[in-house]
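A.B. asks: Structure of the sequence below:
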Amino acid sequence: METSNLVLLFREMFNLRLLLSGLLLFSPITFAKTKVITSDVALYRVGDEITFLSDIRVGRKDLIKFRCFQSKVLLLPALGLDKASLKTVPSINKIRKFDKESKNFLKKIILMKKALVHVEKQGRKFGKKYLKYFEKHKCLNSPFRTWSKTLQQLVTVELYFQERFKKGSSHVPIKSYDPKTWENVKFYLLSLDKKIPHNVFF
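C.D. replies: Sure, this is the predicted structure:
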């Protein structure tokens, strides 16, 4: 074999070796990224927004924080997401199994999402005096601007509901609700459920 051919052969072998080394070096990263992406699961769509399991993982933490207010809020009891109705928020691993309990939980979360979407579209903003109770309360004890988007939405919806259903503009949270109030809130949520489209993937 001529010298020039030998040089070309060795060069091709060297290039092939580099290619294989590169594949071995970067394939674990590629597979790791693919694993992260494929491990996520689309759960439902409200309007044009799809919610994934990873979103629930984040939102679940905010829900637990908001449940700290217990009977001082109106939204969660109306949805059946308060501590009296739902003792423990299902873990992500449990939700991933899509058992009966998890499906019921996700249906409540979907309705809560519709309330968040609806109130956000109203463009209602609440000033410092309305937020003061939540900012100073031991459950949060931090400024509104430092909260996550979901937590900000939950408080905004709560204030919107309290203002709407107690027929006033006081910034002091309602301490107790009469049966008529609960009936009106639940009817309102049911109307939102029919008004705002959604699809479930579980």
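A.B. asks: Could you chop this protein up by domain?
C.D. replies: 1-39, 42-200 (automatic domain parsing).
A.B. asks: quick one, which of those domains is packed in tightest?
C.D. replies: domain 42-200 (a mean of 16; mean count of other C-beta atoms under 10 Å). For every residue, glycine as well, the C-beta is placed using N, CA and C.
A.B. asks: and that one, how far from the chain's centre?
C.D. replies: 10 Å (C-alpha atoms, centre = their mean, to the nearest Å).
A.B. asks: Just the mean pLDDT for that domain, thanks.
C.D. replies: For domain 42-200, mean pLDDT rounds to 90.
A.B. asks: measure the residue nearest the centre of the chain to G123 for me?
C.D. replies: Nearest residue to the geometric centre of the chain (C-alpha atoms, centre = their mean): G59, 3.4 Å. Distance of G59 to G123, given as C-beta to C-beta, to the nearest Å: 22 Å.
A.B. asks: just Y160 next, same as before
C.D. replies: For Y160, the distance to G123 - C-beta to C-beta - is 11 Å.
A.B. asks: K186 and G80 touch, don't they?
C.D. replies: No: using C-beta atoms under 8 Å, K186 is not in contact with G80, being 9.7 Å away.
A.B. asks: Pretty sure K113 sits against T51.
C.D. replies: Yes: assessed by C-beta under 8 Å, K113 is found in contact with T51 at 7.0 Å.
A.B. asks: where does I50 fall, phi/psi-wise?
C.D. replies: Backbone torsions of I50, given as degrees, to the nearest 10, read phi -100, psi 130.
A.B. asks: shift numbering so it begins at 54
C.D. replies: Shifting the count to begin at 54 puts that one at I103.
A.B. asks: ok, now which ones touch it?
C.D. replies: I103 is in contact with A95, Y97, counting by C-beta atoms under 8 Å, 6 or more residues apart in numbering.
A.B. asks: Residues in a beta bridge with it, which ones?
C.D. replies: R98 (DSSP bridges).
A.B. asks: quick one: the helices in this protein?
C.D. replies: Assigned by DSSP state H, the helices in the chain fall at 56-92, 106-119, 128-132, 145-150, 153-175, 181-189, 202-218, 232-248.
A.B. asks: Which strands and helices lie in contact with the last one?
C.D. replies: Read it as helix 232-248. helix 128-132, helix 153-175, helix 202-218 (3 or more C-beta pairs under 8 Å, 6 or more residues apart in numbering; DSSP states H and E).
A.B. asks: quick revisit: can you tell which of the helices of the chain is closest to R98?
C.D. replies: Nearest of those to R98, taken as C-beta to C-beta: helix 153-175 at 9.4 Å.
A.B. asks: Quick one: residues in contact with the closest one.
C.D. replies: Contacts for helix 153-175 (C-beta under 8 Å, 6+ apart): 96-97, 99-100, 102, 104, 109, 112, 128, 132-134, 139, 142-143, 147-148, 203, 206-207, 209-210, 213-214, 242, 245-246, 248-249, 251, 253, 255.
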